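Chemist: 3D model of this:
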Amino acid sequence: MAFDYGKRRIGVAIGDELTGSARGLVTVRPGRPDSDRTIDALIARWQPDAFVVGWPTRDDGQPTALGPAIRAFGEGLGLRHGRAVYWADERLSSHLGQERVRRRGKDPGLDAHAAAIILEGWLMENTRNA
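Modeler: Here you go, the predicted model:
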């Protein structure tokens, strides 16, 4: 399960290690009373093996100002749910996610698509796909 963490929105995606594919599930607004419950319910439903959290860096490779909040979010998830947390480069994920946004019908939102891009990149680099 992957997360694209932002101050205003958290995109959530689920992926499949076997196929290397991922899809956006939902976009959650952090700080709202139901945001942790929503994420906890998704984790309970999908039972992911681990979490992948997007890690933003500047062009020089240094973390952005949001880095400490993202680190706290990811580490908190790992501790609360007893799963490993992996960090993945999220550069261009929002831009690439826009290509997946559906103009009609139910769409999980740009941030959820960005989380799917992050997860697919991580799966490509860290698993052996048939």
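Chemist: contacts, neighbours, all on C-alpha from now
Modeler: OK.
Chemist: helices of this protein, residue ranges please.
Modeler: 35-46, 67-81, 93-98, 110-126 (DSSP state H).
Chemist: now these in a markdown table, with mean neighbour count and distance to Phe3?
Modeler: Shown next, in a markdown table, are the helices of the chain (neighbours: other CA atoms under 10 Å; distance: least, CA to CA, whole Å):
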| stretch | mean neighbour count | distance to Phe3 |
| --- | --- | --- |
| helix 35-46 | 14 | 10 |
| helix 67-81 | 15 | 9 |
| helix 93-98 | 17 | 11 |
| helix 110-126 | 25 | 5 |
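Chemist: any idea which of those helices scores lowest on pLDDT?
Modeler: The minimum mean pLDDT among the helices of the chain belongs to helix 93-98 (a mean of 55).
Chemist: what's the closest of the helices of the chain to Ala13?
Modeler: helix 110-126 (5.1 Å; CA to CA).
Chemist: just checking, what packs against the closest one?
Modeler: strand 2-5, strand 10-16, strand 21-28, strand 50-55, strand 84-89, helix 93-98 (3 or more CA pairs under 8 Å, 6 or more residues apart in numbering; DSSP states H and E).
Chemist: picking that back up, redo the helices of the chain as JSON lines? Include distance to Asp4.
Modeler: As requested, the helices of the chain are exported to JSON lines (distance: least, CA to CA, whole Å):
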{"stretch": "helix 35-46", "distance to Asp4": "12"}
{"stretch": "helix 67-81", "distance to Asp4": "9"}
{"stretch": "helix 93-98", "distance to Asp4": "9"}
{"stretch": "helix 110-126", "distance to Asp4": "5"}
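Chemist: residues touching Pro30, list them.
Modeler: Counting by CA atoms under 8 Å, 6 or more residues apart in numbering, Pro30 makes contact with 7-10, 36.
Chemist: try it again with 10 Å
Modeler: For Pro30, the contacting residues are 5-10, 36, by CA atoms under 10 Å, 6 or more residues apart in numbering.
Chemist: same thing with Gly78?
Modeler: With CA under 10 Å, 6+ apart, Gly78 has these contacts: 50-51, 72, 84-86.
Chemist: and the residues you listed, which is closest to Gly24?
Modeler: Distances from Gly24 to the contacts of Gly78, taken by CA to CA, are shortest for Phe51, at 14.1 Å.
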